[in-house]
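1. Next input, structure requested:
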Amino acid sequence: MKEPVYSYRLKKIARLANFYGGKTLDIGFSLLPNPYLKGEIIGVDIDLPKEKPTNYTKMIIADVMKKLPFQDKSIDTIILGGVIEHLENPLVALREMNRVLKDGGMLLMETPNPYYFPVIISDFLMSLRFYFEDTHVSLDPRRIVLKNLWNTGFDLKKIESCGINLSDHFTIPCPQQFAQDIIYVAVKRQPKNKYYKMIRGMRKVKYDDIHEKLDKKR
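-> Below is the predicted model of the structure:
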């Protein structure tokens with residue numbers, strides 16, 4: 001079998017997904033189906049390929065920004081590969097995925113690394129050419145991704161490196177801090193993450209302080 005483009009990344013995702021196993025959703029799979037996935041794999045996308053990948057159980061048209069056609073707590077593992085950076089409101093998608101995941105279910109979220117050196121340089125120089133090379137609308141730093149996960153009922157387990165792509169078919173392994181793309185491995189927790197209440201409490205205190213200052217000025 002001829003290896004697909006970005007096979008290093010696909011193998012990394014598949015290794016994690018196959019390890020956690022169970023009923024798996026591969027959301028946004030159409031452009032790059034993963035031939036290394038095993039088990040009950042359901043491909044989910046807003047536009048489906050003409051033919052179902054041979055290792056996928058079925059394909060479903062659905063939008064993670066709206067409502068996934070699955071019952072609460074019915075899915076073991078979700079793969080979100082190269083999707084979160086395209087979404088205008090990632091928190092909506094994270095909450096919907098949390099809804100369908102079983103307690104203790106796994107989210108494997110692959111996305112570009114905001115600290116990848118060429119990205120940092122391009123941002124520093126405000127290179128508009130770089131900004132329009134893709135359709136990304138967000139590239140959050142790790143601390144924001146972590147808070148987004150906490151706010152939507154996840155705990156971050158670890159971050160995996162997808163290496164540096166020298167071409168579509170050749171990738172150099174490297175630590176996740178320097179990688180071009182990374183995978184956030186998160187687990188659904190019940191009851192809500194202990195940091196969730198802390199973040200909400202801090203937010204309320206901040207808003208109360210602001211309103212109090214505004215009232216004094218009136």
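2. Give me the pLDDT for Glu212.
-> As predicted, Glu212 sits at a pLDDT of 62.
3. What ranges does this structure have for its helices?
-> Using DSSP state H, the helices found in the chain span residues 7-20, 90-100, 117-124, 128-131, 142-151, 194-217.
4. so can I have a markdown table of those showing mean neighbour count?
-> C-betas here are computed from N, CA, C, even on glycine. Below are the helices of the chain laid out as a markdown table (neighbours: other Cβ atoms under 10 Å):
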| stretch | mean neighbour count |
| --- | --- |
| helix 7-20 | 19 |
| helix 90-100 | 20 |
| helix 117-124 | 12 |
| helix 128-131 | 10 |
| helix 142-151 | 18 |
| helix 194-217 | 10 |
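5. quick one, which of these is nearest to Ile61?
-> Relative to Ile61, the nearest member of the helices of the chain by Cβ to Cβ is helix 90-100, separated by 15.3 Å.
6. now what about that closest one, what contacts it?
-> The contact list for helix 90-100 (Cβ atoms under 8 Å, 6 or more residues apart in numbering) reads 25, 27, 64-68, 70-75, 78, 80, 83-84, 87, 107, 138, 140, 148-149, 151-154, 188.
7. just to revisit the earlier point, nearest to Thr111, out of the helices of the chain?
-> Ranked by Cβ to Cβ, the member of the helices of the chain that lies closest to Thr111 is helix 142-151, at 8.0 Å.
8. ok so, going back, select, out of the helices of the chain, the one closest to Gly163.
-> Taking Cβ to Cβ as the criterion, helix 7-20 is the member of the helices of the chain that comes nearest to Gly163, at 5.5 Å.
9. what helices or strands is that closest one leaning on?
-> For helix 7-20, the elements it packs on are strand 75-81, strand 101-112, strand 154-161, strand 181-188, judged by 3 or more Cβ pairs under 8 Å, 6 or more residues apart in numbering; DSSP states H and E.
10. Please render those strands as JSON lines that adds mean pLDDT to the earlier fields.
-> Conversion of the helices and strands packed on helix 7-20 to JSON lines gives the following (pLDDT from 0 to 100):
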{"stretch": "strand 75-81", "mean pLDDT": "98"}
{"stretch": "strand 101-112", "mean pLDDT": "96"}
{"stretch": "strand 154-161", "mean pLDDT": "96"}
{"stretch": "strand 181-188", "mean pLDDT": "97"}
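11. Mean neighbour count and distance to Met59 for those - can I get that in CSV?
-> As requested, the helices and strands packed on helix 7-20 are exported to CSV (neighbours: other Cβ atoms under 10 Å; distance: least, Cβ to Cβ, whole Å):
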stretch, mean neighbour count, distance to Met59
strand 75-81, 24, 14
strand 101-112, 21, 19
strand 154-161, 18, 26
strand 181-188, 23, 23
